[in-house]
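[1] quick one, structure for this:
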Amino acid sequence: MKKTFPLTHSKIHPERLVDSIRAEVNKYLKRERNKKLPEGQDFWDFDCKAGITADSAVEVHVSALSRAIGQALTDGGETVYVEVISKAAKRQKKSEQGA
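    Modelled structure (predicted):
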């Protein structure tokens, strides 16, 4: 998902637009997590970027994506760019460090 969302509308307050953007992103994440995993993979991992424009977007963790969307409104941007790329991954076992 690579999408630029507007943060201005003639009838909708910007805070409600941010809420709808967050809802759409969360719906996308849920849909991707429900897809069947390839053989030998444990979970779906996401590479996320967010910013006012595609050029100024920075990498963020999926748990900080919602905060980054709200930050674009706080920074005074007219738009917010969100990029979420899903990839299958395998969990790494924690090494036994002091037993």
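[2] name the SS class of the most centrally placed residue in the chain, please.
    A centroid search over the chain (Cα atoms, centre = their mean) returns Leu65, at 4.5 Å, as the residue closest to the centre. Following DSSP: H, G, I helix; E, B strand; the rest coil, we place Leu65 in the helix state.
[3] would you mind measuring from it to Glu39?
    Going from Leu65 to Glu39 by Cβ to Cβ, to the nearest Å gives 28 Å. Quick note: C-beta positions are derived from backbone N, CA and C, even for glycine.
[4] repeat that for Gln71.
    Taking Cβ to Cβ as the measure, Gln71 falls 39 Å from Glu39.
[5] about what we covered before: do you know how far the residue lying closest to the residue nearest to the centre of the chain once chain neighbours are set aside is from Lys11?
    Counting by Cβ to Cβ, 6 or more residues apart in numbering, the nearest residue to Leu65 once its immediate chain neighbours are dropped is Cys48, at 5.1 Å. In this structure, Cys48 and Lys11 are 30 Å apart, going by Cβ to Cβ.
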